[in-house]
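Enquirer: predicted model and sequence below, questions to follow.
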Amino acid sequence: MNYQARENDRSLPLPITQAANSIAWQFSQQQPTSQKAEQVRLNTLAVCAVRDYLEMMGVPVNWNECDSWNPFMRACVDAADLEVLGLGRLECRAIATDASTCYVPPEVWEDRIGYVVVRLDEVEKQVCILGFVQQVTQEQLTVNQLRSPEDLLSHLQDLSAITSLSFANANPPTSTVNLRQWFQNTFEPGWQTVVSLLNPAEHNLTFSFRKTEELNTNEVDRPENFVRRAKLIDLGMQLAGHAVALVMELRPASEQKTDLIVQVHPTGRETFLPPSLQLIVLDESGSVFLEAKARRADNYIQLQFSGTTGERFSVKVALGDVGITEHFII
């Protein structure tokens, strides 16, 4: 059943963020032709818009494991996919302000749980979520075929019931941790106080603003409003049953800037980290921004950097071929 209301009644306007524009431009510059560059740029803006909408509505998503975020796949296929955690991938397609149809390439007609169409108005720096359909069997999809953005949420809820994945208590931080909320003492499940997770001997370890190589165990002055939390990271057999703790510390540097310290510590009875354990910070595009590797007899490793409000990044803890990635927004 098609949604018959006027487009202005069903579309959901959102701003085209500076971060989305930056990522779209970066991805486009990696392409061999101007035509492919424009395709990738529009696909990226569409994925960012749908991602922001779903996260705003409390639907956990993962963007940087998809074809649209993979440099090799971007160059090979016309894909604008976004993974909804536990459910599958949505295809996110962009149309111009005066378009009444949306092109959907045959290569993405399979392995999708839905197709979301967004209208880009780059003059007004605005994107509208027009709606979605569950399936596509032809290259041209008309706007009046779309069901509303609200129906998209109902569709995802129906799928979650089938897969026994409940969105009832889901928050955006399930997949993307909102660090600004930490300053209001709102923390996502799994993020504990450092004292409750680490051994007592670890509690006095310092969180200094030194380089990774300059591990320091002396106490340093902290601002009153610093926030620190830890999460257990289990790499399974790679750690022979022993998990490590990922520790995040936040310090507001200004109204728009936050200083961050990321550390990995051993847990339980372990004193040292496994040699070659990696701590990696990835930017929004999935590129490595900072990285550190544990050496023999390291009792923790650390990275320090700053970010602005709205900036996204990921932190990966890896050993060998096994790694776990946490996603954050400042």
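Expert: Arrived safely. Worth saying up front: this structure is predicted, and the values here are computed from it rather than measured.

Enquirer: can you give me the helices in this protein?
Expert: Using DSSP state H, the helices found in the chain span residues 7-10, 18-28, 34-56, 71-76, 149-162, 194-197.

Enquirer: would TSV of the ones you listed with distance to residue 229 and mean neighbour count be doable?
Expert: Backbone N, C-alpha and C define where each C-beta goes, glycine included. Below are the helices of the chain laid out as TSV (distance: least, CB to CB, whole Å; neighbours: other CB atoms under 10 Å):
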stretch	distance to residue 229	mean neighbour count
helix 7-10	40	13
helix 18-28	24	18
helix 34-56	20	21
helix 71-76	32	14
helix 149-162	27	16
helix 194-197	7	14
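
Enquirer: format these as a markdown table; extra columns: mean pLDDT and distance to residue 314.
Expert: Converted to a markdown table, the helices of the chain look like this (pLDDT from 0 to 100; distance: least, CB to CB, whole Å):
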| stretch | mean pLDDT | distance to residue 314 |
| --- | --- | --- |
| helix 7-10 | 50 | 33 |
| helix 18-28 | 88 | 13 |
| helix 34-56 | 93 | 13 |
| helix 71-76 | 88 | 16 |
| helix 149-162 | 87 | 23 |
| helix 194-197 | 80 | 21 |
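
Enquirer: looking at these, spot the one closest to residue 288.
Expert: helix 71-76 (12.8 Å; CB to CB).

Enquirer: then the closest one to PDB, C-alphas only?
Expert: In PDB, the C-alpha atoms belonging to helix 71-76 read as follows (Å, rounded to 0.1, in the frame of the first residue of the first chain):
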ATOM      1  CA  PRO A  71      37.400   1.800  -0.700                       C
ATOM      2  CA  PHE A  72      37.600  -1.200  -3.000                       C
ATOM      3  CA  MET A  73      33.900  -1.800  -3.100                       C
ATOM      4  CA  ARG A  74      33.100   1.900  -3.700                       C
ATOM      5  CA  ALA A  75      35.300   1.800  -6.800                       C
ATOM      6  CA  CYS A  76      33.700  -1.400  -8.100                       C
END
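
Enquirer: distance between it and the chain's centre?
Expert: Counting by CA atoms, centre = their mean, to the nearest Å, helix 71-76 is centred 19 Å from the centre of its parent chain.

Enquirer: which residues touch it?
Expert: Residues from elsewhere that reach helix 71-76, judged by CB atoms under 8 Å, 6 or more residues apart in numbering: 27, 30-32, 36, 40, 67-68, 79.

Enquirer: what segments of the stretch 151-300 of the chain are strands?
Expert: Remark: strands assigned in the stretch 151-300 of the chain by DSSP state E, counting those that start in this stretch are 176-178, 227-233, 244-252, 257-266, 278-283, 288-293.

Enquirer: list the buried ones in the longest one?
Expert: Translated: strand 257-266. Neighbour counts using 16 or more other CB atoms under 10 Å place 258-266 of strand 257-266 among the buried residues.

Enquirer: just checking, what packs against that strand?
Expert: With contacts taken as 3 or more CB pairs under 8 Å, 6 or more residues apart in numbering; DSSP states H and E, strand 257-266 sits against strand 244-252, strand 278-283, strand 301-308.

Enquirer: in its sheet, what does the longest one sit against?
Expert: If I follow you right, that is strand 244-252. Here strand 244-252 is paired, per DSSP bridges, with strand 227-233 (antiparallel), strand 257-266 (antiparallel).

Enquirer: kindly export that strand (C-alpha atoms) in PDB.
Expert: C-alpha atoms of strand 244-252 as PDB (Å, rounded to 0.1, in the frame of the first residue of the first chain):
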ATOM      1  CA  VAL A 244      41.100  -6.400  28.400                       C
ATOM      2  CA  ALA A 245      39.500  -3.100  29.500                       C
ATOM      3  CA  LEU A 246      39.000  -0.200  27.100                       C
ATOM      4  CA  VAL A 247      39.100   3.100  29.100                       C
ATOM      5  CA  MET A 248      37.900   6.400  27.800                       C
ATOM      6  CA  GLU A 249      38.500   9.700  29.600                       C
ATOM      7  CA  LEU A 250      36.900  13.000  28.400                       C
ATOM      8  CA  ARG A 251      37.900  16.500  29.300                       C
ATOM      9  CA  PRO A 252      36.100  19.600  28.000                       C
END
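
Enquirer: any low-confidence regions in the stretch 151-300 of the chain?
Expert: 162-174, 199-224, 236-242 (pLDDT under 70).

Enquirer: for residue 197, which non-adjacent residue is closest in space?
Expert: Once flanking residues are discounted, residue 197 sits nearest to residue 230: 4.4 Å by CB to CB, 6 or more residues apart in numbering.
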